[in-house]
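Asker: Below is the sequence, then the predicted model.
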Amino acid sequence: MKKQPHTLVIGGTQPASGKSLLTLALANVLTNWGATVTVVQCDYHTATWTTINGRSSHEWQTDIQTAAELDEFWLALQGIQSDYLLVDLASSGPTHDNYTWLWNECWLPLAQQIILTYSTETDVNTLLYQDLGALQFSMEYTVTNPKIYTVLNQYPAPVAVHRQFQTRHAEFAALDLQPLGMLADARKHPEQVLADATQILTKLVA
C-alpha cells in the first residue's frame with residue numbers, strides 16, 4: 001500500500017500574512033533534512049505544483065474551476081509520492097465558490113496539521129475567529145480532526161496573543177489550538193527565517 005505524504009496546510013484569510021514565505025521556508029528545511037516535498041499553491045482558479053527531490057525540482061500548473069477540473073485535481077492529490085505535501089492557500093479563499101469543496105474534499109481528508117497565519121496588520125481576534133468557525137464547521141462535516149496551530153508574524157509576543165484569544169473564545173477549546181510562534185521578517189532578518197522555520201518544524205514533528 002502506498003504511503004501517504006505527511007500533509008500540512010498553511011491557511012488563514014489575511015492577505016500578506018507571510019503564508020507563502022512560511023511554506024517556502026518549511027520546504028527548504030525539509031529538503032535540507034533529506035525529505036522529498038510537494039508544494040501546492042492554491043489561488044482557487046489555478047493550483048501551482050512544485051515537487052522537490054534533492055537538488056532537482058519540477059513545476060506545473062492545473063486549473064481548478066470546473067467540476068471536471070476539481071475531480072482531476074482530487075485524483076492528482078491522491079497520487080503524490082513525496083514525503084511531505086505543503087499546501088499554501090490564498091487568503092481570498094472564502095470569496096470563491098470552490099472554497100468549501102476544496103476544504104471538505106481535499107484539504108481536511110489529507111491534512112494532519114493546519115497552520116493559520118496572520119501578521120500585525122490585522123485584528124487577529126476577528127479573522128482567527130472567522131477562520132476557526134468555518135474550519136470547525138467543515139471538520140464536523142468531514143469528521144476529521146487535524147492539529148491546528150497559529151503563526152503570528154511581527155507580534156512582540158505571539159504566544160501571549162494566542163493565549164489571550166483562547167481565553168476569550170472558549171467555544172474553540174475542543175480544537176486544542178496551539179501556538180508555533182512567528183517567522184522573522186525576511187526583509188529585516190533574512191538569516192533568521194530558516195532558523196525560525198526549523199524551530200516550527202521541530203515542534204510539528206515532536
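Answerer: Thanks, I have it.

Asker: Quick check: longest helix in this structure by residues?
Answerer: Longest helix in the chain by number of residues (criterion: DSSP state H): helix 124-142.

Asker: Next SSE downstream of that one?
Answerer: Heading C-terminal from helix 124-142, the first helix or strand you meet, by DSSP states H and E, is strand 147-153.

Asker: roughly how far out does that following strand sit from the chain middle?
Answerer: 9 Å (CA atoms, centre = their mean, to the nearest Å).

Asker: now do stretch 175-187
Answerer: Per CA atoms, centre = their mean, the centroid offset for stretch 175-187 relative to its chain is 12 Å.

Asker: ok, and for that stretch, which residues are buried?
Answerer: 175, 177-184 (16 or more other CB atoms under 10 Å). Placement of C-beta: from N, CA and C, glycine included.

Asker: measure it end to end?
Answerer: Stretch 175-187 has an end-to-end distance of 34 Å (criterion: CA to CA, to the nearest Å).

Asker: Helix, strand, or coil at Tyr118?
Answerer: Following DSSP: H, G, I helix; E, B strand; the rest coil, the label given to Tyr118 is strand.

Asker: how close does the closest residue to Asn145 other than its chain neighbours get to Leu127?
Answerer: Excluding its sequence neighbours, the residue lying closest to Asn145 (CB to CB, 6 or more residues apart in numbering) is Met139, at 6.6 Å. As judged by CB to CB, to the nearest Å, Met139 and Leu127 stand 18 Å apart.

Asker: which of the two has more neighbours?
Answerer: Just comparing Met139 and Leu127: by other CB atoms under 10 Å the higher neighbour count belongs to Met139, 21 against 17.

Asker: tally of neighbours for Thr144?
Answerer: By other CB under 10 Å, neighbour count at Thr144 equals 15.
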